[in-house]
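A.B. asks: just need the structure, nothing else, for what follows:
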Amino acid sequence: MCPPPKPRSSAPAVARAEPEGNLARRLPVPEPQPPPTEPSPSADELDVQLDPILDPGEETGGDPSGEHDEEPIAAGRLRWTEANAEQQERARAELQDRIAAYMQRARPRVVLTDNLHTMLSIKRGHGVLTFRLHHMFVGAPAAVIRAVARYAETQEREAANLLRDYVDANEPLIRRREEPRPVTLDVQGRWHNLQEIFDQLNAVYFDGAIKARITWGARGKRRRARDSIKLGSYTVEDELIRIHPVLDAKDVPRFFVEWIVYHEMLHEVHDMPVVDGRRVYHTAEFRRAETRFERYAEAVIWEHANLHKLLER
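C.D. replies: Presented below is the predicted three-dimensional model:
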């Protein structure tokens with residue numbers, strides 16, 4: 001979470017963890033990359049998040065990899081979650097063959113997932129592109145399969161746009177948890193009790209309407225220096241707020257912890273619309289709600305003055 005942008009000089013910015021849930025599905029569009037030359041066996045693997053496009057001048061003769069509509073999952077006659085292991089493997093292998101028919105510079109390897117967050121990711125290395133694809137891509141139209149291959153090899157923006165549209169259109173296939181995932185809650189810190197803070201804020205600002213749970217994040221020794229820190233996060237699917245344990249310190253005032261918790265609570269009640277293909281987490285309405293926190297200005301000033309201390313912990 002973070003307060004409204006303020007001019008800064010060389011001070012590092014605080015990275016706020018954005019709500020999860022639908023967010024990863026928007027698949028970021030990377031900057032165009034030059035076509036790769038011959039893959040180097042010693043090159044490190046490159047992990048890329050993806051999304052889609054429509055190829056303007058394609059033939060209408062169907063998919064080059066064959067009659068994929070005979071496969072029951074691809075044809076929509078069998079739900080992925082109800083298929084057995086053999087049927088899922090058959091669908092995976094067929095999708096891999098379909099993508100391979102459009103690849104020009106690398107060999108694809110396909111892994112199908114039921115992921116709730118990332119619908120398409122690609123790892124590049126040693127002449128092989130490993131695709132981790134949500135099962136919604138089984139039976140996808142030829143234009144979408146072409147977009148997957150084209151985006152992987154050229155990072156074409158048009159392909160990314162098509163893939164994003166396809167993911168949005170198939171959002172009902174993304175399985176939701178019936179109940180939030182069980183989590184062991186750690187609310188009693190050495191200096192601050194998160195549940196007390198949450199309950200007080202919920203009563204004062206939200207009329208008790210916030211249903212999220214709250215916990216300190218994982219505690220452990222810092223292994224390396226950092227130039228950013230996530231002081232708080234809100235996970236939509238788990239209905240869970242996590243607060244960074246660096247704030248559980250004697251020199252961190254309670255009002256600042258309250259400010260971080262308040263910001264994350266706002267995510268439960270404010271929409272996150274998609275504007276021009278991008279998810280907006282902090283709308284103008286959200287920013288106005290931030291200023292309703294009683295010690296808003298004081299919290300912003302404290303953060304600017306003490307950020308360097310938090311980064312060093």
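A.B. asks: three-state assignment of Gly132?
C.D. replies: Let me fix one detail, which is that residue 132 is Arg and not Gly. strand (DSSP: H, G, I helix; E, B strand; the rest coil).
A.B. asks: wait, what's in contact with it?
C.D. replies: Listed by Cβ atoms under 8 Å, 6 or more residues apart in numbering, the contact partners of Arg132 are 111, 113, 115, 118, 120-123. Heads up, the C-betas are built off the backbone N, CA and C, glycines and all.
A.B. asks: try it again at 6 Å.
C.D. replies: Neighbouring residues of Arg132 by Cβ atoms under 6 Å, 6 or more residues apart in numbering: 111, 113, 121.
A.B. asks: could you do Glu89 as well?
C.D. replies: Counting by Cβ under 6 Å, 6+ apart, Glu89 has no contacts.
A.B. asks: for Val138, see how far away it is.
C.D. replies: 12 Å (Cβ to Cβ, to the nearest Å).
A.B. asks: for PyMOL, write a command that selects the buried ones of the contacts of Arg132.
C.D. replies: Entered in PyMOL, the line below selects the buried ones among these, by 16 or more other Cβ atoms under 10 Å:
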select buried, resi 121
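A.B. asks: of the contacts of Arg132, which belong to strands?
C.D. replies: 111, 113, 121 (DSSP state E).
A.B. asks: can I get those in a markdown table with pLDDT and distance to Gly217?
C.D. replies: A markdown table is the format used below for those (pLDDT from 0 to 100; distance: Cβ to Cβ, whole Å):
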| residue | pLDDT | distance to Gly217 |
| --- | --- | --- |
| Val111 | 93 | 29 |
| Thr113 | 88 | 26 |
| Ser121 | 88 | 24 |
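A.B. asks: now those residues as JSON lines including distance to Arg288?
C.D. replies: Listed next are those as JSON lines, based on distance: Cβ to Cβ, whole Å:
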{"residue": "Val111", "distance to Arg288": "43"}
{"residue": "Thr113", "distance to Arg288": "38"}
{"residue": "Ser121", "distance to Arg288": "35"}
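A.B. asks: residue boundaries of the strands in the stretch 101-250 of the chain?
C.D. replies: With strands called from DSSP state E, counting those that start in this stretch, the stretch 101-250 of the chain shows them at 107-113, 120-125, 128-134, 213-216, 232-235, 240-243.
A.B. asks: reformat the ones you listed as TSV; add distance to Glu285.
C.D. replies: Converted to TSV, these look like this (distance: least, Cβ to Cβ, whole Å):
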stretch	distance to Glu285
strand 107-113	34
strand 120-125	31
strand 128-134	31
strand 213-216	23
strand 232-235	16
strand 240-243	20
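A.B. asks: nearest to His267, of these?
C.D. replies: Closest to His267 of those, according to Cβ to Cβ: strand 232-235, at 4.1 Å.
A.B. asks: what average pLDDT does stretch 255-273 get?
C.D. replies: Here stretch 255-273 scores 92 as its mean pLDDT.
A.B. asks: next one: stretch 182-194
C.D. replies: 91.
A.B. asks: that one spans what distance, first to last residue?
C.D. replies: 18 Å (Cα to Cα, to the nearest Å).
A.B. asks: what comes up buried for it?
C.D. replies: So, applying 16+ other Cβ under 10 Å, buried residues of stretch 182-194: 186-187, 189, 192, 194.
A.B. asks: pipe the residues you listed into JSON lines and attach distance to Asn161 per row.
C.D. replies: As requested, the buried residues of stretch 182-194 are exported to JSON lines (distance: Cβ to Cβ, whole Å):
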{"residue": "Asp186", "distance to Asn161": "42"}
{"residue": "Val187", "distance to Asn161": "43"}
{"residue": "Gly189", "distance to Asn161": "45"}
{"residue": "His192", "distance to Asn161": "45"}
{"residue": "Leu194", "distance to Asn161": "41"}
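A.B. asks: from those, which is closest to Asp238?
C.D. replies: Closest to Asp238, out of all of the buried residues of stretch 182-194 and judged by Cβ to Cβ, is Asp186, at 14.6 Å.
A.B. asks: so that closest one touches Gly217, yeah?
C.D. replies: No - using Cβ atoms under 6 Å, Asp186 is not in contact with Gly217; the gap is 8.6 Å.
A.B. asks: that older thread, of the buried residues of stretch 182-194, closest to Asn306?
C.D. replies: Nearest to Asn306 among these, with distances taken as Cβ to Cβ, is His192, at 15.3 Å.
A.B. asks: can you tell me the element the residue lying closest to the closest one once chain neighbours are set aside falls in?
C.D. replies: Nearest residue to His192, sequence neighbours excluded (Cβ to Cβ, 6 or more residues apart in numbering): Val257, at 5.1 Å. Element membership for Val257 (DSSP states H and E) is helix 254-269.
A.B. asks: show me what that helix is packed against.
C.D. replies: For helix 254-269, the elements it packs on are helix 194-205, strand 232-235, helix 296-311, judged by 3 or more Cβ pairs under 6 Å, 6 or more residues apart in numbering; DSSP states H and E.
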